[in-house]
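Trainee: fold the stuff below for me.
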Amino acid sequence: MKAKLGIAPIAWWNDDLPELSDDVSLEECLRQAREAGFTGMETGRRFPMDPTVLRPTLARYGIGVCGGWFSGLLLDGEIAAEKDRIAAQMALFKAVGAPCIVYGETARSIQGVRTAPLATKPKLSEEEIKAYARKMTAFGEWCAAEGMPLAYHHHMAAAIETELELDLFMRHSGEGIPLLYDAGHMAFAGGDVLRVIDKHHARISHVHTKDVRSAVIDGLDRTQESFLDAVVKGAFTVPGDGSLDFAAIVQRLAGYGYQGWFVVEAEQDPRIAPPFEMAKIGHRELLRVMALAGYEVEA
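Mentor: Below is the predicted model of the structure:
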């Protein structure tokens, strides 16, 4: 089985918390990621939207685009409006050969609101999730038909956060909306990271290898502290520096035949967790656990 290792620029520049950003250029970010061993990077706010500018920059460092976040609003919006909103990113991603667009639902989400406690996250009834899942499926089918599939990101502080919410979303949606599996977000939400793979492996098309610091998460007051508070406190980190057993996680994915990108995505304070050093730790740990699982990592 083959796999590719990518990383997200959120370790270098945090879009929701600019104060947690390293003062480096896109070029320096790409250089550090490649030197750490990664061959892919998800997009971020310092990426140009013009493929004629982005392609040669990526080529200079031997890096490809392995995905990138889209702030979706389909929960409260209409498919026609989302088609217009995603058009520019879709055109860019097709031009640079990206495998997917990471769809994150931001309607009603409190993930970017520092004053909103975790306990105030949006909660949907099963009927609301059913209607939303059907709409997401239709939108995902359209995106795939246009040549750029989505990968749906379950996310802390968003409408689809918990294991139960994800189960309902998957039950009522179709193959037209593949799943991005994020071990860190599922662990933070209190879910069983291996059981989620067992249940939904057939739809997993993209993987974020986000680790967590359980002591930080367990010490949160969710009635008072927000998702961003948790980030500032160091809830997330790279594989090999946190609490999750990535040997077991990767082995479980391998057992179901997952092949594709494994992307390190861990937002931290760069003054406490230097991005380049963290990238090297994450890459080293992923190489170790992938070898144990029988993966051939593409260089």
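Trainee: from now on I want contacts and neighbour counts done on CA atoms only, so please keep to that.
Mentor: OK.
Trainee: contact partners for the residue most central in space within the chain?
Mentor: Against the mean C-alpha coordinate of the chain, by CA atoms, centre = their mean, the closest residue is residue 208 at 4.9 Å. For residue 208, the contact set (CA atoms under 8 Å, 6 or more residues apart in numbering) comprises 180, 181, 182, 183, 262, 263, 264, 265.
Trainee: where does the fifth one sit: helix, strand or coil?
Mentor: Spelled out, that is residue 262. strand (DSSP: H, G, I helix; E, B strand; the rest coil).
Trainee: that one and residue 209 touch, don't they?
Mentor: Yes. Residue 262 is in contact with residue 209 according to CA atoms under 8 Å; the separation is 6.3 Å.
Trainee: with neighbour numbers in mind, choose between those two.
Mentor: With neighbours defined as other CA atoms under 10 Å, residue 262 and residue 209 compare such that residue 209 has more, 29 against 22.
Trainee: which residue sits closest to the more buried one, ignoring its sequence neighbours?
Mentor: residue 264 (4.9 Å; CA to CA, 6 or more residues apart in numbering).
Trainee: quick one: neighbours of the one you found, just the number.
Mentor: A total of 30 residues lie near residue 264 under the criterion other CA under 10 Å.
Trainee: my read is that it contacts residue 183, right?
Mentor: No. Counting by CA under 8 Å, residue 264 stays clear of residue 183, with 10.8 Å between them.
Trainee: overlap in contacts of these two?
Mentor: In contact with both residue 264 and residue 183: 208, 209, 210, using CA under 8 Å, 6+ apart.
Trainee: which residues touch the last one?
Mentor: Contacts for residue 210 were tallied using CA under 8 Å, 6+ apart; they are 182, 183, 184, 185, 236, 237, 238, 239, 264, 265, 266.
Trainee: one more time with 7 Å
Mentor: If you count contacts by CA atoms under 7 Å, 6 or more residues apart in numbering, residue 210 has them with 182, 183, 184, 236, 237, 238, 239, 264, 265, 266.
Trainee: phi, psi for the residue nearest to the centre of the chain please.
Mentor: The phi/psi pair for residue 208 (degrees, to the nearest 10) reads phi -100, psi 120.
Trainee: then residue 72?
Mentor: phi -80, psi 150.
Trainee: not counting sequence-adjacent ones, nearest residue to it?
Mentor: residue 105 (4.7 Å).
Trainee: these two touch, right, the one you found and residue 69?
Mentor: No. Look at residue 105 against residue 69 with CA atoms under 7 Å: they stay out of range, at 10.0 Å.
Trainee: just the element for residue 229, please.
Mentor: helix 227-233 (DSSP states H and E).
Trainee: and that helix, how far from the chain's centre?
Mentor: 17 Å (CA atoms, centre = their mean, to the nearest Å).
Trainee: just the buried positions in that helix, please.
Mentor: Neighbour-count burial for helix 227-233, counted by 16 or more other CA atoms under 10 Å, picks out 227, 228, 229, 230, 231, 232.
Trainee: state the distance from the fourth one to residue 24.
Mentor: It refers to residue 230. 24 Å (CA to CA, to the nearest Å).
Trainee: the fifth one too?
Mentor: Remark: distance between residue 231 and residue 24 (CA to CA) = 20 Å.
Trainee: and the average pLDDT for stretch 78-95 is what?
Mentor: Average pLDDT, stretch 78-95: 98.
Trainee: quick one, strands of the chain?
Mentor: 2-7, 40-43, 64-72, 101-105, 150-153, 179-182, 204-208, 211-212, 236-237, 260-264, 296-297 (DSSP state E).
Trainee: and those as JSON lines, adding distance to residue 287?
Mentor: Shown next, in JSON lines, are the strands of the chain (distance: least, CA to CA, whole Å):
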{"stretch": "strand 2-7", "distance to residue 287": "9"}
{"stretch": "strand 40-43", "distance to residue 287": "15"}
{"stretch": "strand 64-72", "distance to residue 287": "18"}
{"stretch": "strand 101-105", "distance to residue 287": "24"}
{"stretch": "strand 150-153", "distance to residue 287": "24"}
{"stretch": "strand 179-182", "distance to residue 287": "18"}
{"stretch": "strand 204-208", "distance to residue 287": "15"}
{"stretch": "strand 211-212", "distance to residue 287": "15"}
{"stretch": "strand 236-237", "distance to residue 287": "17"}
{"stretch": "strand 260-264", "distance to residue 287": "11"}
{"stretch": "strand 296-297", "distance to residue 287": "8"}
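Trainee: no further queries at this time; thank you.
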